[in-house]
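K.L.:
need a structure here:
(chains A and B)
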2 protein chains.
Amino acid sequence: MHTNKIKLFCPATIANISCGFDVLGVALDAVGDEMVIRKAKEKGIKITKLEGQDLPLETHLNVAGVAGMALLEHVDYEDGFEIEIYKKIKAGSGIGSSAASSAGAVWGINQLLGRPFSNVDLVKFAMEGERLASGVAHADNVAPALLGGFTLVRSYDPLDIISIPSPSKLYATVIHPQIEVKTSDSRKILKTNITLADGIKQWGNVGGLIAGLFQEDYELIGRSLVDHIVEPIRSILIPGYDTIKSESLEAGALGCGISGSGPSIFAFSKGETVAKRVAHTMKEIYQKIGVDYDVHVSRINTLGIKPLDQ
Amino acid sequence: MHTNKIKLFCPATIANISCGFDVLGVALDAVGDEMVIRKAKEKGIKITKLEGQDLPLETHLNVAGVAGMALLEHVDYEDGFEIEIYKKIKAGSGIGSSAASSAGAVWGINQLLGRPFSNVDLVKFAMEGERLASGVAHADNVAPALLGGFTLVRSYDPLDIISIPSPSKLYATVIHPQIEVKTSDSRKILKTNITLADGIKQWGNVGGLIAGLFQEDYELIGRSLVDHIVEPIRSILIPGYDTIKSESLEAGALGCGISGSGPSIFAFSKGETVAKRVAHTMKEIYQKIGVDYDVHVSRINTLGIKPLDQ
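P.N.:
Here you go, the predicted structure:
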């Protein structure tokens, strides 16, 4: 029996996890959007409600609309869908706001259609929403949103997404300073070339991080959360970054880095107590320097998008 | 009870495993040197016999001597050791000939001293032998020789070696074309800079390879055995490389790459049957183009250096 309507939790996600620039992401539990998707007589997709953010409602200008349409192109379906979006993840915060909407749309539609596609299939459709949002059809937020836990985008051509286990005591703390950093700007300042020496350090750390996640070795995870390439450049755009990082580590965080293309900063900790202490430390720093912020403490969301009671 | 004499098998190793340039190595079982180490009255280390290769016997010019002396600097020991080396791994073959001697020396001495050091501690001493051999104290051969299986050198500063599980059906085929490629020359032709885009692909593949090894996912291991950075440059120095690679993959190999800094070529396969078929394919190509070769088919050596009956 297929239902005609579904309500969803669409998680925030951290991409560009330190050494895992452009390949490693993870889904969160404590922050995410809600969406309601229902079957409709009219062909195509209609965004009927959008609360919480000032974003376009036109299907071809809305990431949920575009991602949903990408899916519909691959099925033989005569009718359409209406989507309500309740944004709780701020656009431009660096924790996958557009990915949550793109992933939610395709997950929900797939569900209402009786699941013709696997979650891995859905990544491709959701990437079209990302293309609209940032100009690049990246997968590092939509993959963890759809699959849950940690995901590795091993390759884009062909698309190859690998689920990586999430140690049970791993918590994320994310602070979002209320300043705007556009993904496109944040991409522009990156250098096209890196030294081979930095590259070697980076893939050594990616190897260590993946091994640490498989072995639930929190110390190894911490030692591997190092980024020699992107963080030194992008962190300049984030107020108080170095202080937040050093004091988070002092407060017990395993590691700390830039979430997505910023300006949000994430830290991973072993256990909720430490993660909360890190949140407190981060808050105090922004209070001191007078930057408004949102802060979230979250366990790792191993399921990804979740249906909610209606 | 400590014995006064030990006989060892010192395995050949594959370093620079495709995407894992400079960080990933693995120990082999079917090819390796033998060493006999015994306690002696004279302080220091004396190489009393060296068969199979024309290499210096003087302690400070011999990698086993230098590695052993590096260890002895860290213990309070009045007497010394004599070492006999029976080389079966050809110097310059790219399967860790110097590493086998360096690692064997420190492993055996540590054993005869009642194991004051862990195998991970021993890596540092063995690296001094590598410094003598190639000018660079690299760890990517001595680590798998000492620890067995796959090892990741996550970082050199501080030294951080991670053991990675070895899928039980994984076999290596290694062919050594009898041409000389010096490690130092082979390093010189590498570029100092790489593109960020290639770096991202490389660390995506390292992540995939590590995940594949943990999950015993042979397909994923195969898809991840890709090197966009070093192979295109170094393979030029190896006769018939492209043909060997493409035909090995055709014969069923999961992946194929340059062992160490060459000229040996390795392939990984699932199961001994495929690994032998790959060996046959490789041989035929070198027979056709008239290159002399040695070929080895080996299961993964998960123990590293092993004591032999005396």
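K.L.:
I'd guessed A:Lys41 sits against A:Glu78; true?
P.N.:
No - A:Lys41 is not in contact with A:Glu78 according to C-beta atoms under 8 Å; the separation is 9.3 Å. Every C-beta, even on glycine, is put in place using the N, C-alpha and C of the backbone.
K.L.:
dump the residue contacts of A:Asn119.
P.N.:
By C-beta atoms under 8 Å, 6 or more residues apart in numbering or on different chains, the residues touching A:Asn119 are A:107, A:146-147, A:304.
K.L.:
quick one: which two of those are the most distant?
P.N.:
Farthest pair in the contacts of A:Asn119 (C-beta to C-beta) is A:Trp107 and A:Leu147. Separation: 10.3 Å.
K.L.:
who touches both of the two?
P.N.:
Joint contacts of A:Trp107 and A:Leu147 (C-beta under 8 Å, 6+ apart) are A:119, A:304.
K.L.:
have a look at these two and say which one is more surrounded.
P.N.:
Neighbours per residue, other C-beta atoms under 10 Å in any protein chain shown: of A:Trp107 and A:Leu147, the larger number sits with A:Trp107, 30 against 25.
K.L.:
ok, now which ones touch the more buried one?
P.N.:
By C-beta under 8 Å, 6+ apart, A:Trp107 lies in contact with A:8, A:10, A:119, A:122, A:146, A:304-305.
K.L.:
report the lowest-confidence entry in those residues.
P.N.:
In this model, the minimum pLDDT among the contacts of A:Trp107 belongs to A:Asn119 (91).
K.L.:
quick check: residues of chain A near chain B?
P.N.:
Neighbours of chain B within chain A, by C-beta under 8 Å from any C-beta of the partner chain: A:19-24, A:152-155, A:160, A:162, A:164, A:190-197, A:199-211, A:214, A:220, A:223-224, A:229.
K.L.:
give me the buried entries from the residues you listed.
P.N.:
Buried subset of the residues of chain A next to chain B (neighbour count, 16 or more other C-beta atoms under 10 Å in any protein chain shown): A:19-24, A:152-155, A:160, A:162, A:164, A:194-196, A:199-211, A:214, A:220, A:223-224, A:229.
K.L.:
mind checking which of the residues you listed land in helices?
P.N.:
A:196, A:199-211, A:214, A:220, A:223-224 (DSSP state H).
K.L.:
so where's the stretch 101-250 of chain A shaky on pLDDT?
P.N.:
Residues of the stretch 101-250 of chain A meeting the criterion pLDDT under 70: A:182-184.
K.L.:
got the angle for the helix or strand where A:Val31 lies vs helix B:196-215?
P.N.:
Assigned by DSSP states H and E, A:Val31 belongs to strand A:24-40. On the basis of axes from the mean of the first three to the mean of the last three C-alpha atoms, to 10 degrees, strand A:24-40 is oriented at 90 degrees to helix B:196-215.
K.L.:
chain center to strand A:24-40: distance?
P.N.:
10 Å (C-alpha atoms, centre = their mean, to the nearest Å).
K.L.:
now could you export just the CA positions of that strand as PDB?
P.N.:
This file holds the C-alpha atoms of strand A:24-40, laid out as PDB (Å, rounded to 0.1, in the frame of the first residue of the first chain):
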ATOM      1  CA  LEU A  24      33.700  13.100   3.000                       C
ATOM      2  CA  GLY A  25      30.400  14.100   4.600                       C
ATOM      3  CA  VAL A  26      28.200  13.200   7.600                       C
ATOM      4  CA  ALA A  27      24.600  13.500   8.500                       C
ATOM      5  CA  LEU A  28      23.400  15.200  11.700                       C
ATOM      6  CA  ASP A  29      20.400  14.500  13.900                       C
ATOM      7  CA  ALA A  30      19.800  17.700  15.900                       C
ATOM      8  CA  VAL A  31      19.200  20.100  13.100                       C
ATOM      9  CA  GLY A  32      17.300  19.600   9.800                       C
ATOM     10  CA  ASP A  33      14.400  20.800   7.700                       C
ATOM     11  CA  GLU A  34      10.900  19.400   7.500                       C
ATOM     12  CA  MET A  35       9.100  18.700   4.300                       C
ATOM     13  CA  VAL A  36       5.700  17.500   3.400                       C
ATOM     14  CA  ILE A  37       5.300  15.900   0.000                       C
ATOM     15  CA  ARG A  38       2.000  14.800  -1.500                       C
ATOM     16  CA  LYS A  39       0.800  13.300  -4.700                       C
ATOM     17  CA  ALA A  40      -1.100  15.800  -6.900                       C
END
